[in-house]
Each structure stands twice: as structure tokens, then as C-alpha cells.
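J.: Provide a 3D model corresponding to the input given below.
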Amino acid sequence: MRAVKKSDSIFVAGHRGLAGSAIVRELRAQGYANLITRTRVEVDLAERAAVRGFFEKERPQVVVVAAAKVGGIRANNDFPVEFLRDNLTIQNNVIEAAADFGAAKLLFLGSSCIYPKFTAQPIREDALLTGALEPTNDAYALAKIAGIKLCQAYARQYGKNFICAMPTNLYGPGDNFDLQNSHVLPALLRKVHEAKARGEASVPVWGTGTPRREFLHVDDLANACRFLLETYDAPEIVNVGCGEDVSIRELAELVRETVGFTGELAFDPTQPDGTPRKLLDISRLKNLGWAPRIALRDGLRETYAWYCREHAA
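T.: Numbers count the residues shown, from 1 in each chain. Down below sits the predicted model:
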């Protein structure tokens, strides 16, 4: 397989999102100057003809598929049609065009939610399709699984160097803080910040607080993606995480400490908890030579500072 070079033209699909923007920052910082980005107005990835026209004109040598419809447990549970349909459409259009117009390498970003709800922890890559999915986000998970299988099919049938990375829960600068569709960490940050600003005595938190989750700073994900583009050429999926998890209660306490909120955390057991535990086994990636660098406490402090600068006013 041809190694990715600093001079390669690299299309980052979804460059305005949390993961995509971090990948662009990482690539630029490491000397990759020939980056291609397009907004939705410029190229709607849900429109097959527009995607094919873009690829036919630009002919990117490397493609990173970070574009996706994403959201937290409420959004996934309430809008399964959109999460399944839109993600299938976007990823199929980009992967097909990359194959048809000669991309030398493609990196598809999946998600840790592809794994069964109940499986051995930490979760190894070979746990895929060994059990039932978490019902609250199975539509999104099925779309991501289909993307993995499409990349692997292109690798097997046509010899394409299409690789797949499975990130755990991400957070960091550029995150989505909309309380209707954000993930747990940014939602907690915003709710606790606003409760402090209003002088409230407590903050509601969905669920019992007992589920355990792993959180990876998005800059660590971006670093891992660049590492995989430069060093990895196999069709087998690769987990990307930090190798440690915390309970939602522990996370909420850490958020409260970071924000400086002195009120109570009011857990609501009538709301869904989701998967009991989700911790990735990152042995495959570590054995390749990569390790995370940003501790949760440090990353949370940085993310809150970014939120205060960009949103809190």
C-alpha cells in the first residue's frame, strides 16, 4: 500500500464537526498543507450527483469520512429514521465516489455504539455483531456498521485501502452544547454552568448515574486518525479510546468541580441509562505504537474554558 504523503490532497468530509475540525487542525499542524474542505452549501453529501461531481473534479488522493448525523441518547431515541437514513446516504455517497474516482486511501470513522449492549468489557473489535445493540441508538449503530462493511467489501473485492476507526465518546472544543441533541458531557457542562449562573440549588441529570463511559478528547482522536492514515493499511477495524472509564455520577461530579457549582446533582432514574458500560479495548492501536495524551480532568477544564469563550456570553 502507498504511504500517505504530506503533499497528498486530503478531503475531510465533515470538517466543521467536532471530529472533522480536530482532524483538520492536526493535519495542518503536522504539515499536511493540501487539505480540501467543503461546506454543506458547497457540496451536500446527501446528494449523490453533487458528491460525484465534486470527486470527479477534485480527485482527492486521501479521504476522511468524519461527516455524520450525530446526537445524544434523546435525539437518537426520538429520530431513528433520520439517524439511519441520513448516515447511510452520506457515507454511501462518499465511500462510493472515493472508490470510483481513484482515492488511494480512505479512513471511515465509526463509533463505539456499533458493539452489543451486553458484551465483555473492555470491548474488543471482534465483539462486532455478536449480540443485540442498545435500542436507544441502534439506528445510528446500524448505519455505522453498514459503513464498516462497505469499506471492508471494497477492500476485499477491489483491493481498496479503506480503513475504519471506532472512536469512543468524544468531547472537546467545537462540541455541540444544544441540550436537545448533545451528548452527555457537553450537556452536563452547559446545564451545570447555567445552573450556577442562575444561582439554582440543583441540576437534573438523566438516569441513575451508574452507567460507565469512556471519554476521549477530540484532539487525541485526531492524532490517532493521522497515525492510522500514516501507518495502518488493514481492513480490520481499530478501536480508538483512552482505555479508562468513569461512571456518569463521577463525570457529573467532575463537571461540577470544573464549573465551580456548589449545588446538588439530582439524578432522575425514570430516564434511560443506555448501555450499562462501554469501555473499548485499545490494545490493537497501542500495539501499533499509539497512546492517548490528554487526561479527562485536563481536557474537561480546556473544554469548559472554550465553552465560556464561545457560548456562555
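J.: where are the low-confidence patches of the chain?
T.: Within the chain, the ranges that satisfy pLDDT under 70 run 1-2, 313.
J.: how about 90 then?
T.: Within the chain, the segments meeting pLDDT under 90 span 1-3, 69-79, 136-137, 176, 178-184, 206, 271-277, 311-313.
J.: could you pull out the strands for it?
T.: Here the chain has its strands, by DSSP state E, at 10-13, 35-36, 62-65, 105-109, 162-167, 169-171, 202-206, 212-213, 215-217, 238-240, 246-247, 264-268, 277-278.
J.: can you lay out the ones you listed as CSV showing mean neighbour count and distance to residue 295?
T.: In this view, the C-beta of every residue, glycine as well, is placed from N, C-alpha and C. Below are those laid out as CSV (neighbours: other Cβ atoms under 10 Å; distance: least, Cβ to Cβ, whole Å):
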stretch, mean neighbour count, distance to residue 295
strand 10-13, 26, 27
strand 35-36, 18, 29
strand 62-65, 26, 26
strand 105-109, 25, 23
strand 162-167, 24, 17
strand 169-171, 23, 12
strand 202-206, 17, 23
strand 212-213, 20, 16
strand 215-217, 24, 9
strand 238-240, 26, 16
strand 246-247, 16, 12
strand 264-268, 14, 22
strand 277-278, 20, 19
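J.: including distance to residue 300, could these go into TSV?
T.: What follows is the strands of the chain, written out as TSV (distance: least, Cβ to Cβ, whole Å):
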stretch	distance to residue 300
strand 10-13	26
strand 35-36	29
strand 62-65	26
strand 105-109	22
strand 162-167	17
strand 169-171	8
strand 202-206	16
strand 212-213	13
strand 215-217	8
strand 238-240	19
strand 246-247	11
strand 264-268	16
strand 277-278	19
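J.: these: which one's closest to residue 312?
T.: Among those, the nearest to residue 312 by Cβ to Cβ is strand 202-206 (15.8 Å).
J.: between that closest one and strand 264-268, how big is the angle?
T.: For strand 202-206 against strand 264-268, the angle by axes from the mean of the first three to the mean of the last three Cα atoms, to 10 degrees is 30 degrees.
J.: now do strand 202-206: distance to the chain's middle.
T.: Per Cα atoms, centre = their mean, to the nearest Å, the displacement of strand 202-206 from the mean C-alpha position of its chain is 25 Å.
J.: contacting residues around the closest residue to residue 168 other than its chain neighbours?
T.: Computed as Cβ to Cβ, 6 or more residues apart in numbering, the closest residue to residue 168 that is not its neighbour in sequence is residue 241, at 3.8 Å. Contact analysis of residue 241 by Cβ atoms under 8 Å, 6 or more residues apart in numbering lists 112, 167-168, 214, 216, 279-280, 282, 292.
J.: how many neighbours does residue 28 have?
T.: Neighbour count for residue 28, taken as other Cβ atoms under 10 Å: 11.
J.: roughly how far apart are it and residue 153?
T.: Look at residue 28 and residue 153: by Cβ to Cβ, to the nearest Å, they are 32 Å apart.
J.: and for residue 254?
T.: Using Cβ to Cβ, residue 254 is found at 42 Å from residue 153.
J.: neighbour count: these two, which is higher?
T.: Set side by side, residue 254 and residue 153 show more neighbours around residue 254, with 18 against 14, by other Cβ under 10 Å.
J.: give me every residue that touches residue 235.
T.: By Cβ under 8 Å, 6+ apart, the residues touching residue 235 are 151-152, 155-156, 162-164.
J.: one more time with 10 Å, if that's ok
T.: The neighbours of residue 235, taking Cβ atoms under 10 Å, 6 or more residues apart in numbering as the test, are 148, 151-156, 160-164.
J.: farthest pair in these?
T.: Across these (Cβ to Cβ), the longest gap, 14.9 Å, separates 148 and 161.
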